[in-house]
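Undergrad: What follows is a protein structure lacking sequence information:
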């Protein structure tokens, strides 16, 4: 474990500030507490917030030199009252992992001033990485953008398929007319159209490398 986490926390705590350490896993909450105690910090001033069932630990207002070690899931959406430490610089949030996306990152950083109070934030990653934090963050953001684009593309593809299927249904309705399909010849034609439509749709998916508009696909149909 990176000693910088303990050193940074104690430095802020010795100045009368409050510290919130956010971890990814429950076991890390216990590990950090043990490291703080080993470094000589008063264990009675350390609070652990591992699961949502332990929310009672943040019901009281945070006192100077008090520290909360919480998992990201347990501490999500909670407000820590920091009026008693405002004069000392407010809450210091220390995040020990790279959040999965920008939204979660801003949620964690925003805990310092969620109610307009003073505060600071810092990233010290528990897990050692070959790449530095900024490079890891850039790579994460790129992957997030790719994921968002793929999701939008998939939605557009489904929308196009629905529109084409609607046109197919209209075509079949014209062929069938208003009467029930009892004529064997018509039933065979309908089955043939459905089969050819399925083959055509698969061919379009296989040969189309770029996303086309709904209008373009309908024109092909």
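TA: Perfect, thanks for sending it. Bear in mind the structure is a predicted one, so any value in this text is a computation, not a measurement.
Undergrad: From residue 172, how far out is residue 187?
TA: 11 Å (Cβ to Cβ, to the nearest Å). C-beta: built from backbone N, CA, C; applies to glycine.
Undergrad: Which of those two has more residues huddled nearby?
TA: It is residue 172, of residue 187 and residue 172, that has more neighbours when counted by other Cβ atoms under 10 Å, with 16 against 12.
Undergrad: check contacts around that one.
TA: Counting by Cβ atoms under 8 Å, 6 or more residues apart in numbering, residue 172 touches 190, 193, 194.
Undergrad: The helix or strand containing residue 120 pairs with which strands?
TA: Residue 120 belongs to strand 119-123 when assigned by DSSP states H and E. Here strand 119-123 has these sheet partners by DSSP bridges: strand 91-95 (parallel).
Undergrad: hmm, who's touching the partner strand?
TA: In contact with strand 91-95 (Cβ under 8 Å, 6+ apart) are residues 5, 8-9, 12, 17-22, 62, 80, 82, 85, 105, 108-109, 111-112, 117-124.
Undergrad: next one: it to chain centre, how far?
TA: Chain-centre distance of strand 91-95: 20 Å, with Cα atoms, centre = their mean, to the nearest Å.
Undergrad: what is the mean pLDDT for the helix or strand just after that strand?
TA: Downstream of strand 91-95, the next assigned helix or strand under DSSP H and E is helix 102-109. Average pLDDT, helix 102-109: 70.
Undergrad: Give me the distance between helix 102-109 and the centre of its chain.
TA: With Cα atoms, centre = their mean, you get 9 Å for helix 102-109.
Undergrad: Summarise which helices and strands it is packed against.
TA: Counting contacts by 3 or more Cβ pairs under 8 Å, 6 or more residues apart in numbering; DSSP states H and E, helix 102-109 packs against strand 91-95.
Undergrad: for the strand it packs on, what is the average pLDDT?
TA: For strand 91-95, the mean pLDDT works out to 91.
Undergrad: Could you do stretch 14-33 as well?
TA: 93.
Undergrad: Would you indicate which residues of that stretch are buried?
TA: Applying a neighbour-count criterion of 16 or more other Cβ atoms under 10 Å, one finds 17-24, 28-29, 31-33 buried in stretch 14-33.
Undergrad: Dump these into CSV; add secondary structure as well.
TA: What follows is these, written out as CSV (DSSP: H, G, I helix; E, B strand; the rest coil):
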residue, secondary structure
17, coil
18, strand
19, strand
20, strand
21, strand
22, strand
23, strand
24, coil
28, helix
29, helix
31, helix
32, helix
33, helix
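Undergrad: Done for today, thanks.
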